[in-house]
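Trainee: Here is a sequence together with a model predicted from it:
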Amino acid sequence: MNKGTIRHMAVFTLKSAPDSEETRAFLRDGAEILSGIPVVKNFEVLRQVSAKCEHQYGFSMEFADQAAYDAYNSHPAHQAFVAERWDTQVASFQEIDFVQI
């Protein structure tokens, strides 16, 4: 990761069962929609394995700088995903944003 790069991670638990088609669709669609936004780099879908964390999954991605991160947050595809899927299917979450020091 280069200095100035922002690594954005959202860790979350879904309302649906882990082995359900609804969960698979959410993770699949999230990856397709969010990684399709041009400023998103190194997108990953992750499954939590630590007993120390209450959340089940994570989306991780990188942005070249603050301007790219801001462009992502305001992008219509991100806004639609949040309104139509995230707000209705996510039970709990935490966002974490890192820059290299």
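Mentor: That came through fine. Residues are numbered from 1 along each chain as shown.

Trainee: can you pull the contacts of the nearest residue to A68 once chain neighbours are set aside?
Mentor: Computed as CB to CB, 6 or more residues apart in numbering, the closest residue to A68 that is not its neighbour in sequence is V39, at 4.0 Å. Where you see a C-beta, it was placed from the backbone N, CA and C, and this is true even at glycine. V39 makes contact with 63-64, 68-69, 71-72, 75 under the criterion CB atoms under 8 Å, 6 or more residues apart in numbering.

Trainee: who wins for most neighbours among those residues?
Mentor: F63 (24 neighbours; other CB atoms under 10 Å).

Trainee: give me phi/psi at that residue?
Mentor: Per-residue torsions, F63: phi -130, psi 140 (degrees, to the nearest 10).

Trainee: so it sits right up against N2, yeah?
Mentor: No - under the criterion of CB atoms under 8 Å, F63 is not in contact with N2, lying 11.1 Å apart.

Trainee: Any chance of CSV for the contacts of V39, columns pLDDT and distance to W86?
Mentor: Formatted as CSV, those follow (pLDDT from 0 to 100; distance: CB to CB, whole Å):
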residue, pLDDT, distance to W86
F63, 97, 18
A64, 96, 24
A68, 97, 20
Y69, 97, 17
A71, 98, 18
Y72, 98, 14
H75, 98, 14
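
Trainee: biggest separation within the residues you listed, which pair?
Mentor: Based on CB to CB, the longest span within these runs between A64 and H75 and measures 14.5 Å.

Trainee: Find the residue closest to S35 in space, skipping its chain neighbours.
Mentor: F43 (3.8 Å).

Trainee: Kindly report the same for F12.
Mentor: F93 (3.7 Å).
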